[in-house]
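**Q** Test case, fold it:
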Amino acid sequence: MAVRIRLKRIGKIHYPVYRVVVVDSRKKRDGRVIEEVGQYNPNEEPSFIQVKSDRIQYWLGVGAQPSDAVRRLLVLSGDIARFNGKENVESWIKTKETLTADQAREKNVKAAADEAQKRKAKVSEEKAKAEAEAAAKEAEEAKAKEAAESAEAEEAAPESEEA
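**A** A predicted model of the protein is given here:
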């Protein structure tokens, strides 16, 4: 049985996504497979490539032949070089900038601190506004009291002039 490692097309029209599969070479492109060993999405930037290296090494070891497209993917991932005996091979696959756990934690802490600071500023602003309103109300009461006292004094003054 001739075994091949090739791409199986899935996805939508004009948006292909592939699975890297091990299949009998006489089967159809999207037919029944022996094993799925990876995924490939050429639509993302950079392209998403994920392969199970240990399973790829196994299938290459038992004689499976990769298709041209899969061979290019395996060269990028470094699996062909590992199969040929090279040690310490690095993957050439470009990865998206992902946050590490520490960076994500720092980002969350910073966001929480900013939110807490905004809440504190809002509370202090409301407190200052309430104090200003209380001071204005107190000043109004003082003016009203002063006006009432001056009115009483004016009423009392004409009575003393009459007497």
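**Q** how about low-confidence regions in the protein?
**A** Flagging of the chain using pLDDT under 70 yields the residue ranges 90-99, 158-163.
**Q** Kindly recompute the last result at 90.
**A** Applying pLDDT under 90 to the chain flags residues 1, 25, 27-33, 44-49, 75-116, 119, 130, 132, 134-163.
**Q** Mind jotting down where the strands sit in it?
**A** 3-12, 15-24, 35-41, 48-51, 65-66 (DSSP state E).
**Q** Would you mind giving those as CSV with mean neighbour count and distance to K118 added?
**A** C-beta: built from backbone N, CA, C; applies to glycine. CSV is the format used below for the strands of the chain (neighbours: other CB atoms under 10 Å; distance: least, CB to CB, whole Å):
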stretch, mean neighbour count, distance to K118
strand 3-12, 16, 43
strand 15-24, 18, 41
strand 35-41, 18, 39
strand 48-51, 18, 38
strand 65-66, 18, 56
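**Q** Would you format those as TSV with distance to D102 included?
**A** What follows is those, written out as TSV (distance: least, CB to CB, whole Å):
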stretch	distance to D102
strand 3-12	35
strand 15-24	32
strand 35-41	28
strand 48-51	24
strand 65-66	38
